[in-house]
Structure formats: C-alpha cells, structure tokens
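Peer 1: Sequence isn't available, so here's the structure alone:
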C-alpha cells in the first residue's frame, strides 16, 4: 500500500503543470501593471500601479515587485502572486529608474527632478543616503561585485560611479548627449551606456578596482530610417557577453551588437517607440516595451528574430521578468 501511495504521488507530481514565469510591464500613461505568462505569452491580468509607473524590478527571489510610481513620489511594492500592494518605500521625488542590490537590500533610485540618487533600505523602509549627481539622473546599474552603482545623468551627459561603501562618486565619464541606460556584463569587465540624443552606445572597460576606461562609441545606421530616429535607450547583454541588444526608440528596431568585435550585426523590427527590455531567465527570449503601439515584442534570442506581439496597457515603459 505504501508503495502504491508513493507511486501515485510521484505520478501526480509529474503530471502537475510547471509554474509559469511572469513578465510585469509598467504602463506609464495607463497607470497600470500588465502581467504576462511567459510560457503562453498571454495576458494574465492588469492591476493598478500608481500614478505614472515607470521603473520596475523584482526582489531576487521574485516574490516582490517594486514599481517607481513617479508622480506619487514613492516606490510601490506588490506581491507577485496576489498582486496586492503590500506597502510603499520612500524614494525621493520623481523616481524614474532604480536597481536593486543582489541581496535584495538596498534599492538605488534615480530622482530625475532633484538630481539625486536615493538609497532606500527595503527592510527598514527608510532612506539611507541621498547622493548628489548630475542633472536629470535616469539610468542605474550595479556592478556584479556590488562595489559600484552607476548613474547616468541626462543633461550632464555623464556616467557617475558611486561607491556602495560610502556613497561617494569616485569616477565620472563623459558620454554623448542624453544618456539613458547603463548595463554591466555579468563578469563586470565591461559597461555599456546608451545616449539617446547622441545616437550612440559608449563602451567602457572596467578595471579590477572598478575604474572605467572609455574604449569605443558605437553608432547606428539603418537604410530608410532618419538618423535622428536612431535613439538608443534600453540595453541588455547576454550573460556570456557575446550579444548586446539596444532599443532604438522611434526607429522601432532593436540593434544587435557582437560583444567581441563591438560591431552592429543586425537590426530587429519591433513595435513603435521601443523603450526597455528584459530577458527570460534562460535568455531564450527578450521582451521589449513599445510605448506608442501599446504592446511588447517577444524576440527569439538565438534566432535574433521577433516572433510575437502582445497588447498591454497604455504606453508601456518598463518590464521585469520573474527569475527561475
């Protein structure tokens, strides 16, 4: 009997469906969060995200969703299973983008209006520090060794390297006009910074002590597309660094860069005004938010081809996908 019960239990476990991954999309104008099943690519639900939700990220275990509610001057925190708002976190005024420490604490938040990076304790729900940076801070990245947080300031045209030990700026690197996003490769040896109006991605090699050296600026050219439409925004690099994907805004394309040669090797047509991006945990798919067509595009990473469009809320801005 005991053997029969065990066999039945194992059979039931094997027959049970796998837990689906989820993509959470912040809809800036719709004030909502759309939830998408990353197995079926069907919309599961949509819920209130506060006023003007933009930056969006997850706790390391995927149980909590953090949303920059820019016009509420706060970070809203939701349960990723029930979609219930659990609490808010102090963020400073007009939070736009943020990055979470790999441990889950703290959050590093760009405050666009006050030229600050706010450091918020996610456990004690209090501000630990406010770091003065350049004008209109936006992009945020944390080095894999967690020694530095990088902020990009749109009007100052700089990437600021902030020590996580004392919250002081240790390095400043001048990039092209209106830097919007920063992305480290997984080993921390390289950093990419997009410049929307400058139309380039700045490539920096990172020394063992975290010091950056600007080594190249990558430009873009697409036949039939006006140069002023080629506006780099979101950047995502594969874990092995072999491919770097760049959202080109109103060009409605994602550029594919070879991570070794630093040459553009392809352009993928996606929705209108492509903005931010996120990989599924296995890096099989890359999801883009397309603000003017109110959809997301699903890209097959290996094929470097768009395979599906999913309608979401009004003016999708950010996207975060649950971890394994």
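Peer 2: Noted; the coordinates are in hand. From a predicted model like this one, the values you see are computed outputs, not experimental measurements. Residues are numbered from 1 along each chain as shown.
Peer 1: only C-alpha atoms for contact and neighbour calcs from this point on.
Peer 2: OK.
Peer 1: residues near the nearest residue to residue 72 once chain neighbours are set aside, how many?
Peer 2: Leaving aside its sequence neighbours, residue 72 sits nearest to residue 51 (CA to CA, 6 or more residues apart in numbering; 5.8 Å). Other residues within reach of residue 51, judged by other CA atoms under 10 Å, total 19.
Peer 1: my guess is residue 51 is in a strand, correct?
Peer 2: No. According to DSSP: H, G, I helix; E, B strand; the rest coil, the state of residue 51 is coil, so it is not within a strand.
Peer 1: contacting residues around it?
Peer 2: 28, 31, 69, 70, 71, 72 (CA atoms under 8 Å, 6 or more residues apart in numbering).
Peer 1: Quick check on the residues you listed: which are buried?
Peer 2: Buried members of those, counted by 16 or more other CA atoms under 10 Å: 28, 31, 69, 70, 72.
Peer 1: with the residues you listed in mind, which one is nearest to residue 133?
Peer 2: For the buried ones among the contacts of residue 51, the minimum distance to residue 133 (CA to CA) is 18.5 Å, reached by residue 70.
Peer 1: if I look at that closest one, how far off is residue 308?
Peer 2: Counting by CA to CA, to the nearest Å, the gap between residue 70 and residue 308 amounts to 30 Å.
Peer 1: Kindly report the same for residue 152.
Peer 2: Using CA to CA, residue 152 is found at 32 Å from residue 308.
Peer 1: Identify the residues contacting stretch 245-253?
Peer 2: Counting by CA under 8 Å, 6+ apart, residues outside stretch 245-253 touching it are 225, 229-237, 254-257, 267-277, 288.
Peer 1: Stretch 236-243 too?
Peer 2: Applying CA under 8 Å, 6+ apart, the external contacts of stretch 236-243 come out as 183-186, 244-246, 256-260, 277-279, 283.
Peer 1: hmm, which of these are the buried ones?
Peer 2: Buried positions within these, assessed by neighbour count (16+ other CA under 10 Å), are 183-186, 244-246, 256-259, 277-279.
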